[in-house]
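> Predicted structure and sequence below. I'll ask about it afterward.
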Amino acid sequence: MARLRLAALSRLVTRLTHPTGRRHRTTGPGGTGRTRWKHRAGRAPASPALAPRRTPWLRALGLIAVALAGAWLGLLTVGTVHVPVGPVNTTMALRPSLGGGTEITVSPLGALRLDSHTAPVRLDVDVDQLDPERAQDLVNHPERISGLQHQVVHDVEHAALDVALRSCAAVLLGATTLGLAVYRRPRRALAAGGLALALLGASGATAYATWNPKSVLEPRYSGLLSSAPSLVGNARSIVTEFDAYQQELARLVTNVTKLYETTSTLPVYRPDPTTIRVLHVSDIHLNPASWKIIDSLVQQYQVDVIVDSGDTMDHGTAAENSFLDPIEDLGVPYVWVRGNHDSATTQRYLERMKNVHVLDDGRAETVAGLRFAGIGDPQFTPDRSVAPGGDAAERLAGDRLATALRAQRSAGTPVDVAVVHEPAAARETDGTVPLVLCGHLHHEDTEILPFGTRLRVEGSTGGSGLRAVEQERPAPVEASILYFDRDNRRLQAWDEIELGGLGEATAEVSRHLPEENRPGASPAPTSSSPSPR
């Protein structure tokens, strides 16, 4: 026993006096084991006072950095919660922020920010879309409208609880995983996760202590919502007159739902399988309900290509661009020309989409078996700094398109359909193309021009856009289905579709035939009428 104690004491003294050495156990003569210490090659034994050591505060800073980075990654990857609030679907998440607050994004209209709290975390709320089923339930049971306020409050409370629980799990998982990757030690990894959780708890406590419920009365707007105060009035009046505001909200929900439901009951025309079906839309003017209507028409009529004759936007700003994203999900090619409310920024955004064919400067493309050519509107009227050119500018653009159409015909690649935005420009193409499509007037019309070109004016597929609610009588939602013969690429017939607009659940579909396709008429020529120029 005394030997063992002496050996242990000897080893302890040896370690203290040789802190940088390496121990090697060798077997001497006669099998006697002894321990030898060998220093690293080329280095003298270092004094314990000079041995490199990591100070505690550096280790603490490293742990804090790992905890913060892991928490941030966790919130980004798994901290998002999808929750319904009333008749809309939302996405909520906590994000690191020095100023705190709440940011509510209503795409594509913009965002509003509330100074709801002061903490190193911000609550992000994205309003994704209106849920048709829950909105229809409000329509079928009007008595539930009065309880909409309490329903929204209840949904928000549950959403906040879900966000809190998900965020706790996210920061714990993120910090622990990153700590394990950095330290390779479970204890240090768990310490990083625990620290991240504690920091989130402290942030939550700070947010609760600084919570400002009156922040909803003084929001800060960005994007298109910057004009909201002038449109809806002071936020305080909405709070003090909530009953009237609630009725307006219910009316808007009811109207949009009726539009959705009306398109699902439209009759379906079943033409010959060889027919090319073109959906002509125009003047959407930033109405988000239009995409649901267009998608419904594409599915019901088995549309081959969509033609949009412009004014898809209202102001042409970059903030509106996300409004165009549903075009990629329509599942068919989308032919588009610029209107007087569409900017060059709008055009560049659409040109990057794979299924979009932007026509400008008379450029021609063959899409879905038809050859299209078009030119963008030369005027951009939302920009008040530039004086509009009026009809003279439109006629000049139309003349440029007519020149391009004659060149295409001379090259043996005649254009089947020309597309412009303004009727004044469309008239300049008379005699150079069988059919020209346009919009701008917000009502449908058809005319045979003097040299044989058929001018087809589309109404507003957006029901005059978000401004429709300002009118005494709502503008109808209009679109057309055009049927072309696949062999000679001539117009066989077209259906004019008219929905009653906001607040009117009516639908009307009328069939129209060109004179040459009516019973007893002579066959139409296979080439376009001679050009007057």
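Everything's here; your move.
> the helices in the stretch 101-250 of the chain, which residues?
132-140, 148-183, 186-209, 228-232, 235-240, 242-263 (DSSP state H, counting those that start in this stretch).
> dump the residue contacts of Pro120.
Pro120 is in contact with Pro96, Ser97, Leu98, Gly100, Ser203, Thr206, counting by CB atoms under 8 Å, 6 or more residues apart in numbering. In short, each C-beta sits where N, CA and C put it, glycine included.
> 7 Å instead, please
Under the criterion of CB atoms under 7 Å, 6 or more residues apart in numbering, the neighbours of Pro120 are Pro96, Ser97, Leu98, Gly100, Ser203.
> same question, Ala119
Gly100, Ser203, Thr206, Ala207, Thr210.
> Would you mind listing which of these are buried?
For the contacts of Ala119, a neighbour count by 16 or more other CB atoms under 10 Å gives the buried set as Gly100, Ser203, Thr206, Ala207.
> Name the nearest of those residues relative to Val433.
Gly100 (59.5 Å; CB to CB).
> Can you verify that closest one is assigned to a strand?
No - applying DSSP: H, G, I helix; E, B strand; the rest coil, one finds Gly100 to be coil, outside a strand.
> what about the closest residue to it other than its chain neighbours, distance to Ala209?
The spatial neighbour of Gly100 that comes closest, neighbours along the chain excluded (CB to CB, 6 or more residues apart in numbering), is Ala119 at 4.4 Å. Look at Ala119 and Ala209: by CB to CB, to the nearest Å, they are 9 Å apart.
> Just to be sure, His280 is in a strand?
Yes - His280: assigned to a strand according to three-state DSSP.
> hang on, isn't Val303 packed against Val332?
Yes - the criterion here is CB atoms under 7 Å, and Val303 meets it with Val332 at 5.8 Å.
> Give me the more crowded residue out of those two.
Val303 (22 against 19; other CB atoms under 10 Å).
> Show me which pair in the contacts of Ala119 is furthest apart.
Within the contacts of Ala119, Ser203 and Thr210 form the most distant pair, 10.7 Å apart (CB to CB).
> how much space between the nearest residue to Gly398 once chain neighbours are set aside and Thr403?
Using CB to CB, 6+ apart and skipping residues adjacent in sequence, the residue nearest Gly398 is Glu428, 2.8 Å away. Noted for Glu428: a distance of 10 Å to Thr403, by CB to CB.
> of these two, who's got more company?
Taking neighbours as other CB under 10 Å, Glu428 and Thr403 compare with Glu428 leading, 24 against 15.
> Could you report the pLDDT at Ala69?
Note on Ala69: pLDDT of 89.
> So for it, what's the nearest residue that isn't a sequence neighbour?
That would be Leu178: by CB to CB, 6+ apart, it lies 6.0 Å from Ala69.
> circling back to that earlier point, TSV for the buried ones among the contacts of Ala119, including pLDDT and distance to Val415?
As requested, these are exported to TSV (pLDDT from 0 to 100; distance: CB to CB, whole Å):
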residue	pLDDT	distance to Val415
Gly100	85	58
Ser203	86	62
Thr206	87	65
Ala207	84	62
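> Closest to Asp391 out of those?
Closest to Asp391, out of all of the buried ones among the contacts of Ala119 and judged by CB to CB, is Gly100, at 54.1 Å.
> how much space between that closest one and Val163?
From Gly100 to Val163 the distance is 15 Å (CB to CB).
> same deal with Ala169?
11 Å.
> now swap in Gly193 and tell me
19 Å.
> so Gly331 is in which element?
For Gly331, there is no host helix or strand (DSSP states H and E).
> who's in contact with it?
Val298.
> how is this structure carved up into domains?
60-228, 272-382+390-517 (automatic domain parsing).
> What pLDDT does the model give Ile276?
On the pLDDT scale, Ile276 is placed at 93.
> Show me what it bridges to in the sheet.
Note on Ile276: beta-bridge partners by DSSP bridges are Phe484.
> before we move on, the earlier item: could you list every residue that touches the residue nearest to Gly398?
Arg395, Gly398, Asp399, Leu401, Ala402.
> Could you dump the residues you listed into CSV and include secondary structure, pLDDT and distance to Val420?
Putting the contacts of Glu428 into CSV (DSSP: H, G, I helix; E, B strand; the rest coil; pLDDT from 0 to 100; distance: CB to CB, whole Å) gives the following:
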residue, secondary structure, pLDDT, distance to Val420
Arg395, helix, 93, 11
Gly398, helix, 94, 7
Asp399, helix, 94, 11
Leu401, helix, 96, 7
Ala402, helix, 96, 10
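> highest average neighbour count across the domains of the chain?
Across the domains of the chain, averaging neighbours per residue (mean count of other CB atoms under 10 Å) puts domain 272-382+390-517 on top, at a mean of 20.
> low pLDDT regions in this structure?
Applying pLDDT under 70 to the chain flags residues 1-54, 107-110, 129-132, 134-150, 152-153, 214-273, 384-387, 464-474, 500-507, 516-533.
> Can you read off the backbone torsions of the residue nearest to Gly100?
When read as degrees, to the nearest 10, the backbone of Ala119 gives phi -160, psi 160.
> Please report how far it lies from Arg406.
From Ala119 over to Arg406 (counting by CB to CB), the distance is 67 Å.
> ditto for Val281
28 Å.
> Kindly indicate which of the buried ones among the contacts of Ala119 lies nearest Ala189.
Using CB to CB, Ser203 comes nearest to Ala189 of the buried ones among the contacts of Ala119, at 21.5 Å.
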